[in-house]
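Peer 1: structure for the following, please:
(chains A, B and C)
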Amino acid sequence: MRRTRWLLVPIIVIPVTWLLLSGFSRDPREVASPLIGRPAPEWTLTTLDGETLSSNDLAGRPYVVNFWASWCIPACVDEHPVLADAFARFGDDVEFVGILYQDDPAAAAGFLGRYGDAGYPHVMDPGGRMAIEFGVTGPPETFFVDAAGNVADKNFGPLTDAVMAEKLNSIMPAASR
Amino acid sequence: MIPSIGHAAIVVGFGLTLYSLAAHVLAGRSGDARLSVSARRAIIGSFVAAGVGCLAMIVSLLTHDFSVLYVAENNATTTPPFISVISLWAALEGSILFWTLLATGWAALVLHRYRARHRALMPWVGATLSAVNLFFFAVMVWPGNPFLLTAPVGSEGSGPNALLQNHPFMALHPPLLYLGYTGLAVPFAFGIAALITRRLDEEWLRIVRRWTLVPWIFLTLGIVAGAWWSYEVLGWGGYWAWDPVENAALLPWLTATAFVHSAMVAERRGGLKIWTAALVIATFVLTLVGTFLTRSGIVASVHSFTQSAIGPWFLGAIVISLVASLTLLVWRLPQLVGGGRASGTVSRESAFLFNNVLFLGLTFAVLFGTLLPLIVASTSGDTISVGAPWFNTVTVPIFVALLFLMGVGPALPWGTASWTTVRSRFITPLAVAAATTALALVAGLREAVPLGTLALAAFVGTIMLDEIVRGARSRARARSEDPATATWHLATRNRRRYGGYTVHLGVLVMAVAVAISSGLASDRTVTLAPGESAEIGGYVIRHDRLAIEPLASDARVIETRAEVTYSGPQSGTLATALRDYPNSQAAIATPAVRTSLAEDLYVTLLASDAATGAVTLHLFLNPLVVWIWIGGAIVGLGAGFAIWPERRPRTVEVAEAHQAPAAAMVEGT
Amino acid sequence: MIRWWPAAAVGLAFAVAALAVITILTPSGSTPDQRADALAGELRCPDCQGLSVADSPTQSAREIRRQIDGLVGEGASDDAVRQHFVDRYGEWILLAPTAPAAWILPYAAILAGSIALAAWLRARRSSNAPPSPTLTEDERRRIRADAEALDA
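Peer 2: Next up is the predicted model:
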């Protein structure tokens, strides 16, 4: 019971400290996605302009799917220019599609009017079925699909230029990077 | 000007607390009485400083002073005055300011109360409390300044969090809870002081038991108020979701309750010094951990304040308190081991100590469940959930076992029990339990959990009643009093015991109410056009009209309100609404609850169609819910009765210490 | 007999409680609606804070409920329905962890605690000395100090 009892202090303190510290480097709301490495869900939805767009139309090329909403402030507002910029620079090689999350067309159009329409299509997700297929817990969430149709990466929360560049690299054809 | 006063007050408070810490430590080492006095005055000064700070914040909120960032984020020109005042604790920085007010208040109270006694202990009690308060002042001076200014000053603020405006309990739940949390630093301070001065004895136990019970009452009421509030406000028909923040409040409550019971054993039979000291330390550390979980953002919860720089500070405080208290405990370990008289395996002591095993088991389970997602994420990167299904399945059997012990424990004598005593004590209660179960089955109750709980409640209730009646009868006979007077006299002369009975009665009431309200609740979702009706239980609900209009009290809020008429065991009208607050993306539900002693009729608006006036309603019939709150009040009253000072004048402390064993033998308490 | 009584009593209490719990766990009925209700209680609502799909009014919860109803209607087993959502969200969508260790650990802790308590009680009894009727030196010294403090 002599010297060894002092071991009690580090035995209790160190694991507790490590555990609570480790919590700081993560966002507790982020959920690890089981979709990564597997074929992306297929969809056929209506765009804001009233046309029909399907994932099959995008087959054979890499594409980015971004779930967003007009009420998702400030996160979706913050990442909006990042997406617009990426589309402007890499839109020839990578398709971009926005999927509205629990939103209505008028509000979405208003958002695009206020913050700028980059030019890529946005589709409605009535009932939220596609959000469930992709395992979305709340906007913004972005999925990066490669040319083979598999989900290569996912971003939880608003995108930054650095993260966008890094994740685009994983799906873009080597020549265009 | 006002914000500057507030900020200055906080800085002054920090300085005073720093002085108090140093002076108390010096007084403890040198025994200088004047240092003690000056240190105590510094603590009282820090309480005044915190008060000035709170006042400054309240004034800023009432005057909608948007130059203060906290006010700009939590207040608006349309905010009603009542809401402005209680917004003091609505968000992170303000809540820490309020917390500090209460913490310094407790410190001032304790130091003032014992200013002429326990001269060896009090300086170290003051030092510990000063250290704790210093941390909170430091948080306000550096990362979490409530009076941070913002520029340019807006003409309008964001307004209070929508969920916090809906219900008057916002004024009740946080203050009660904080009084509990902050008060639990006091037994901790006595524990540290006792470890430093090596005075872990019956005197210490008596003080700490009392100063644990007082904050315990507030914590209990605060937790029950929180459950009641979420039931009335959140709209899912339940009152406890095992959300991390709810668990955070429960954890110190569990260890504090365990302490109160093992302290009784320690007082009667001696020993258990390490265990009681460890419990007191654990309770305080758990209050810090709970506050940390709420404020650090590392666990997602209904309640989380936004993630901020304050998190790491709280982690630092937890680590420092853990290291300091554990080191002290380990250092004194050789001197604390042993002591105390043994008792039989079947005795009140073993029942109380086994109750501790169960309470600590519960604490471990709740802590484990709350932290498991974090543990898994940090080790493997996977995300898992631990929600109500896991918590309910794991904790319910432990609660049931505790309920059983609650009946058995007080019925067993101290020392060793003989088989004959045991058998004679429990035969009748078992019979009553069996009869109650039979009656319930005949009455139509078939669910296992409510039946089991009713049986257990009958068992425990009969034991308690037997104890009280037996005592009253013998006293009535001896003193020729009528039973009621006899019971009252017994109760006022044995406050601890009868207070304990009342607390246990409250717990019984809550247990039965929880079991039946969750087991026998019914609900349905219906869509009604204006004029249509639906049935649930014995009620008929008719949808009258759908109204969409701004709130009378705050024009920025648009309310979509369904007005219904209900008829059945009771009749009347209800209005349930969805409110659109400008700073919240989702509409906030305002369920309508019609409470009666037998059941609650609970109606939530899920969706509406403005064109047709149709509404989708979620209807609930929750039996016996009001008894949960009543039971909670009984628990609070019982504990209050237990610690209420007795009228018998206290003779000199020295002599009392010798009388205690003799008195215990005579009165059998 | 006396020695085993408390253990037996508490064991009985646990058994009763366990029985009650098992009754909660087993699906209360096998009609499609009851199965769907039970499953909705096991799945987490994606955009709530810890609520189950059964308790939540959000759009995602309603959509998941629709999908549960559809799958159950097509004849999918309970496991298949759970797997459908785990495929999309991972284990996170389940409100209770599947690993057996997560369920056993708390009870293992209680068992360990009970054993420790029993051992401690036995040790105390065997090393028990009768209470000293006279004061120890420590107590004597403290009484003197307290008395002086009162006189001061």
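Peer 1: what helix or strand is the most centrally placed residue in chain A located in?
Peer 2: When C-alpha atoms, centre = their mean is applied to chain A, the residue found nearest the centroid is A:T142 (1.5 Å). According to DSSP states H and E, A:T142 maps onto strand A:141-145.
Peer 1: give me the residue from the stretch 251-400 of chain B nearest chain A.
Peer 2: Nearest residue of the stretch 251-400 of chain B to chain A (C-beta to the nearest C-beta) works out as B:I298 at 2.9 Å. Where C-beta positions appear, they are placed from N, C-alpha and C, glycine not excepted.
Peer 1: still on that earlier bit, ok, then the element right after the strand holding A:T142?
Peer 2: With secondary structure assigned by DSSP H and E, strand A:141-145 is succeeded by strand A:151-156.
Peer 1: ok so, going back, hang on, the residue nearest to the centre of chain A packs against A:Y63?
Peer 2: No: using C-beta atoms under 8 Å as the test, A:T142 is too far from A:Y63 to be in contact (11.1 Å).
Peer 1: can you give me every residue that contacts B:H118?
Peer 2: B:E203, B:I207 (C-beta atoms under 8 Å, 6 or more residues apart in numbering or on different chains).
Peer 1: doesn't it belong to a strand?
Peer 2: No: assessed with DSSP: H, G, I helix; E, B strand; the rest coil, B:H118 is coil; it does not lie in a strand.
Peer 1: helices of chain C, start to end?
Peer 2: C:5-25, C:32-42, C:59-74, C:78-89, C:100-126, C:137-151 (DSSP state H).
Peer 1: where among those helices is average confidence lowest?
Peer 2: Between those, the one with the least mean pLDDT is helix C:5-25; it has a mean of 59.
Peer 1: how many residues are close by the closest residue in space to B:V509 that isn't next to it in sequence?
Peer 2: Excluding its sequence neighbours, the residue lying closest to B:V509 (C-beta to C-beta, 6 or more residues apart in numbering or on different chains) is B:G631, at 3.5 Å. Using other C-beta atoms under 10 Å in any protein chain shown, B:G631 has 22 other residues around it.
Peer 1: helix or strand for B:G631, which one?
Peer 2: Secondary structure (DSSP H and E) places B:G631 in helix B:626-643.
Peer 1: and that helix, what other elements does it pack with?
Peer 2: helix B:202-233, helix B:495-519 (3 or more C-beta pairs under 8 Å, 6 or more residues apart in numbering or on different chains; DSSP states H and E).
Peer 1: could you redo the last one with a cut-off of 10 Å?
Peer 2: helix B:202-233, helix B:495-519, strand B:592-595 (3 or more C-beta pairs under 10 Å, 6 or more residues apart in numbering or on different chains; DSSP states H and E).
Peer 1: contacts only, for the residue nearest to the centre of chain A.
Peer 2: A:64-68, A:79, A:82-83, A:96, A:98, A:153-159, A:163-164, A:167 (C-beta atoms under 10 Å, 6 or more residues apart in numbering or on different chains).
Peer 1: beta-bridge partners for the residue nearest to A:S33 when sequence neighbours are not counted, please?
Peer 2: Closest residue to A:S33 apart from its sequence neighbours, by C-beta to C-beta, 6+ apart: A:K154 at 4.7 Å. Using DSSP bridges, the bridge partners assigned to A:K154 are A:F143.
Peer 1: count the residues that sit near A:K154.
Peer 2: Count around A:K154 with other C-beta under 10 Å applied: 21.
Peer 1: that one and A:A32, how far apart?
Peer 2: 9 Å (C-beta to C-beta, to the nearest Å).
Peer 1: per-residue confidence for the nearest residue to C:R66 once chain neighbours are set aside?
Peer 2: The shortest distance from C:R66 to any residue other than its chain neighbours is 7.4 Å, reached at A:G127 (C-beta to C-beta, 6+ apart). A:G127 is assigned 86 on the pLDDT scale.
Peer 1: wait, a helix at A:G127?
Peer 2: Yes: judged by three-state DSSP, A:G127 forms part of a helix.
Peer 1: looks like it contacts C:R65 (just checking).
Peer 2: No: using C-beta atoms under 10 Å, A:G127 is not in contact with C:R65, being 11.1 Å away.
Peer 1: ranges for the strands of the chain?
Peer 2: Looking at chain A here, since you left the chain open. Here chain A has its strands, by DSSP state E, at A:44-46, A:52-54, A:63-68, A:95-100, A:122-123, A:141-145, A:151-156.
Peer 1: oops, wrong one, chain B.
Peer 2: B:522-528, B:533-536, B:539-550, B:558-567, B:572-580, B:588-590, B:592-595, B:599-609, B:614-623.
Peer 1: how about these in TSV, adding mean pLDDT and distance to chain C?
Peer 2: Listed next are the strands of chain B as TSV, based on pLDDT from 0 to 100; distance: least, C-beta to the nearest C-beta, whole Å:
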stretch	mean pLDDT	distance to chain C
strand B:522-528	89	9
strand B:533-536	91	16
strand B:539-550	90	17
strand B:558-567	90	13
strand B:572-580	88	9
strand B:588-590	81	7
strand B:592-595	90	15
strand B:599-609	88	5
strand B:614-623	91	7
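Peer 1: distance to chain A and mean neighbour count for these - can I get that in TSV?
Peer 2: Listed next are the strands of chain B as TSV, based on distance: least, C-beta to the nearest C-beta, whole Å; neighbours: other C-beta atoms under 10 Å in any protein chain shown:
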stretch	distance to chain A	mean neighbour count
strand B:522-528	16	15
strand B:533-536	24	16
strand B:539-550	16	16
strand B:558-567	14	19
strand B:572-580	11	18
strand B:588-590	14	20
strand B:592-595	25	18
strand B:599-609	13	22
strand B:614-623	15	22
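Peer 1: tell me the residue of the stretch 51-200 of chain B that sits nearest chain A?
Peer 2: For the stretch 51-200 of chain B, C-beta to the nearest C-beta, closest residue to chain A: B:S158, 11.7 Å.
Peer 1: surely that residue and B:A72 touch.
Peer 2: Yes: if you go by C-beta under 10 Å, B:S158 and B:A72 touch, sitting 6.8 Å apart.
Peer 1: overlap of the contact sets of those two?
Peer 2: With C-beta under 10 Å, 6+ apart, B:S158 and B:A72 have common neighbours B:F66.
Peer 1: rewinding a little: out of the helices and strands packed on helix B:626-643, which comes closest to C:A118?
Peer 2: helix B:202-233 (24.2 Å; C-beta to C-beta).
Peer 1: average pLDDT for that closest one?
Peer 2: 93.
Peer 1: got the phi and psi for B:R119?
Peer 2: According to degrees, to the nearest 10, the main-chain angles of B:R119 amount to phi -60, psi -30.
Peer 1: gap between A:W71 and chain B?
Peer 2: A:W71 is 4 Å from chain B, where distance means C-beta to the nearest C-beta, to the nearest Å.
Peer 1: confirm for me that that residue is in contact with B:A587.
Peer 2: No: proximity of A:W71 to B:A587 does not meet the contact threshold set by C-beta under 10 Å, at 11.0 Å.
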